[in-house]
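> Generate coordinates for the sequence data below:
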Amino acid sequence: MIMKNKRDKAIGYFAAKLHCSQSVLAAFSEECGISEEQAFRLGSCFGSGMRKGQVCGACTGALMVLGLLYGETRAGDPQEREISTRINDMMMERFGKANGSYICNDLLGVDISTPEGVKKAREEGLFTELCPKMVASAADILEEIIEEMEHKK
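Sure, this is the predicted structure:
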């Protein structure tokens, strides 16, 4: 699997006003076997922690990529379940360690599940200053995990 500059591609999508979740997923869409448009659609409801400040959308976009690449395909398959659990844990733990949390509200320092929180985040430039860093972080961690998984094959 060849990945070229996925971080910059993801940041570019985000700069073009796509959500963090869409940006990360779309940057890896070719490797996942989906179109850019499908990635945009699939990731569209997960930005800003599902619009509620929950799990960071960049991290969620990365989890979608990992699911498409290594997720379960057969119901009740314990090996596939173990792999999907392991890659989920790897992503969540590494993202949390690298950024101090994987919860959007914690990362931003405001509660964006409220109109007041969104307003404050906008006024403080958090979406334009902090969020691109989360997109880059998710893409970097995702590339590391994919490399590790490919070396295990």
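> Show me where this protein has its helices.
Using DSSP state H, the helices of the chain run over 6-15, 20-27, 29-32, 36-43, 47-48, 57-70, 78-99, 104-108, 115-123, 126-129, 131-152.
> what's the angle from the last one to helix 20-27?
For helix 131-152 against helix 20-27, the angle between stretch directions is 40 degrees (axes from the mean of the first three to the mean of the last three Cα atoms, to 10 degrees).
> out of everything not next to it in sequence, what's closest to C32?
Nearest residue to C32, sequence neighbours excluded (Cβ to Cβ, 6 or more residues apart in numbering): L68, at 4.0 Å. Backbone N, C-alpha and C define where each C-beta goes, glycine included.
> right, so the helices of the chain: which one is the most enclosed?
Highest mean neighbour count among the helices of the chain (mean count of other Cβ atoms under 10 Å): helix 20-27, with a mean of 32.
> Quick one: list the elements packing against it.
Where contact means 3 or more Cβ pairs under 8 Å, 6 or more residues apart in numbering; DSSP states H and E, helix 20-27 is packed against helix 6-15, helix 36-43, helix 47-48, helix 57-70, helix 131-152.
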